[in-house]
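Enquirer: pasting the sequence and the predicted coordinates here, then a few questions.
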Amino acid sequence: AVSPVHVLSSPDPNLTSDRLAMFLRTTREKELTRRFAEARKRSVLPGRTRRNLSSAEKERIASNLSATTIFDLFWRLRTKANYDDADTFVLGAAGVSDAHAFADSLAILADASVAALEALVIAYVGPEHYARFATSYRDRIKAEPDSAVALRAELFSADTTNIGEAPF
């Protein structure tokens with residue numbers, strides 16, 4: 001069960017899942033509110049500025065909205081930082097170490113997300129094709145030898161025929 005969390009309460013490690021659930025819920029609510037407002041502007045009768053939506057229309061709009069994911073949360077953070085309230089990120093941290101920890105955590109999440117997507121692409125196209133993609137991209141952008149792009153290309157281009165079976 002998800003416990004209620006107040007947005008101004010101090011972070012509690014025991015409530016991390018509850019905070020994430022609330023972040024997902026409010027992100028979805030904001031997107032639905034945006035889509036409802038958009039739908040109210042369509043097919044407006046003459047003399048009116050907007051129209052009301054029936055419960056059925058709201059249900060249809062909600063059912064067409066795909067599941068809210070961590071990527072929606074990233075998008076919400078990005079738009080808030082860029083357009084709404086950057087001070088939340090600049091001044092909201094308790095100190096420099098908290099700001100660095102937040103930035104490091106976002107970098108870890110981004111790296112893990114890219115790794116998961118990369119694994120899906122490799123599973124779909126195969127490691128040989130992926131190695132060609134990575135090498136081609138490295139060469140096209142003239143990546144420095146110690147850059148992340150060059151290291152990824154080198155990793156996937158390496159001869160893996162003598163690695164053997166996984167030990168598990």
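Expert: Thanks, I have it.

Enquirer: when you work out contacts or count neighbours from here on, use the C-alpha atoms and nothing else.
Expert: OK.

Enquirer: please report phi then psi for the residue most central in space within the chain.
Expert: Centroid check for the chain by C-alpha atoms, centre = their mean gives residue 71 as the closest residue, at 1.9 Å. Dihedral angles of residue 71 (phi, psi; degrees, to the nearest 10) stand at phi -70, psi -30.

Enquirer: per-residue confidence for it?
Expert: For residue 71, the pLDDT comes out at 87.

Enquirer: how close does it sit to residue 110?
Expert: In this structure, residue 71 and residue 110 are 10 Å apart, going by C-alpha to C-alpha, to the nearest Å.

Enquirer: before we move on, what about residue 145?
Expert: 23 Å.

Enquirer: and for residue 50?
Expert: From residue 50 over to residue 110 (counting by C-alpha to C-alpha), the distance is 40 Å.

Enquirer: equivalent analysis for residue 32, please.
Expert: 26 Å.

Enquirer: over to residue 135?
Expert: When residue 135 is compared with residue 110 (using C-alpha to C-alpha), they lie 22 Å apart.

Enquirer: neighbour count: those two, which is higher?
Expert: residue 135 (20 against 14; other C-alpha atoms under 10 Å).

Enquirer: state the helix or strand in which the residue lying closest to residue 65 once chain neighbours are set aside lies.
Expert: Nearest residue to residue 65 in three dimensions, chain neighbours excluded: residue 32, at 8.0 Å (C-alpha to C-alpha, 6 or more residues apart in numbering). Using DSSP states H and E, residue 32 sits in helix 16-40.

Enquirer: do you know how far the residue lying farthest from the centre of the chain is from residue 54?
Expert: Of all residues in the chain, residue 47 has its C-alpha farthest from the mean position, at 41.5 Å, by C-alpha atoms, centre = their mean. Distance of residue 47 to residue 54, given as C-alpha to C-alpha: 20 Å.

Enquirer: what does residue 129 give?
Expert: The value you get for residue 129 to residue 54, if C-alpha to C-alpha is used, is 50 Å.
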